[in-house]
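J.: Dropping a prediction and its sequence here:
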Amino acid sequence: MLIGKRAVLAFSPALVGLYVPAQASAAFGPAHGPETIADWRLAVAADPFSGERRCRVWARRGAVAYSRGTIVIRLPRVFNPSEAMIHVDDGVPIRWRDLVPEIARLDPGFASDRDGRRMLVPAELLKGRRLVAVSADFGKRPRAYRIAGLYEVVERAAALGCRPIASVG
């Protein structure tokens with residue numbers, strides 16, 4: 001037999017503290033977004049229990065996101081960490097493995113990437129840049145990702161009261 005929330009609460013006083021009515025969650029303000037800024041999308045969610053705000057920042061095309069001080073690039077296939085290279089605005093090539101200590105400092109859980117397709121790049125390295133090209137393995141053709149406008153979105157997220165987190169699908 002199915003019973004409603006009110007019936008459960010009437011019979012179980014210990015559960016009363018777990019139920020947050022809709023009016024209480026509205027006090028923290030509605031979720032915001034998604035809003036589009038340049039080539040980026042920004043969505044804000046508010047936790048009705050803690051009042052904490054979290055942002056999700058991702059590129060409209062879905063392959064790039066921002067997380068904990070890093071740019072997360074979702075590659076089409078598994079990359080070779082020892083051979084992968086990046087170019088920022090047609091600059092000098094940088095070996096991805098040389099960035100690993102900085103990435104580990106910014107996001108200690110980065111090594112838990114289960115499918116081997118997420119490449120993290122320190123966002124500070126890309127500040128004010130327009131394009132990052134990634135060569136996933138020796139001799140592979142590089143793939144370019146637009147990053148122009150990212151910092152405007154990160155600043156907007158901060159103005160809305162949250163720190164961006166990512167979810168790259």
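T.: Cool, the structure landed. Numbers count the residues shown, from 1 in each chain.
J.: and E152, how many residues sit next to it?
T.: Look at E152: counted by other C-beta atoms under 10 Å, it has 13 neighbours. For every residue, glycine as well, the C-beta is placed using N, CA and C.
J.: what do you get for F138?
T.: Counted with other C-beta under 10 Å, the neighbours of F138 add up to 10.
J.: Quick check: which element contains it?
T.: For F138, there is no enclosing helix or strand under DSSP states H and E.
J.: Settle this for me: it is touching F79, isn't it.
T.: No: F138 is beyond contact range of F79, at 10.9 Å (criterion: C-beta atoms under 8 Å).
J.: report the longest helix in this protein, please.
T.: When the chain is parsed with DSSP state H, its longest helix is helix 150-159.
J.: buried ones in that one?
T.: 150-151, 153-154, 156-157 (16 or more other C-beta atoms under 10 Å).
J.: low-scoring stretches of the protein, by residue?
T.: Along the chain, the model assigns pLDDT under 70 to residues 1-33, 111-114, 163-169.
J.: contacting residues around L42?
T.: By C-beta atoms under 8 Å, 6 or more residues apart in numbering, the contact list for L42 reads 33-36, 55-57, 153, 156-157, 160, 164.
J.: all strands of the protein, in order?
T.: Counting by DSSP state E, residue ranges of the strands within the chain are 32-37, 40-46, 53-59, 64-67, 70-74, 85-88, 94-95, 118-122, 131-135, 143-146, 163-165.
J.: packing partners for the fifth one?
T.: Using 3 or more C-beta pairs under 8 Å, 6 or more residues apart in numbering; DSSP states H and E as the contact test, the elements touching strand 70-74 are strand 64-67, strand 118-122, strand 131-135.
J.: JSON lines please, covering the ones you listed and showing mean neighbour count.
T.: Formatted as JSON lines, the helices and strands packed on strand 70-74 follow (neighbours: other C-beta atoms under 10 Å):
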{"stretch": "strand 64-67", "mean neighbour count": "25"}
{"stretch": "strand 118-122", "mean neighbour count": "21"}
{"stretch": "strand 131-135", "mean neighbour count": "19"}
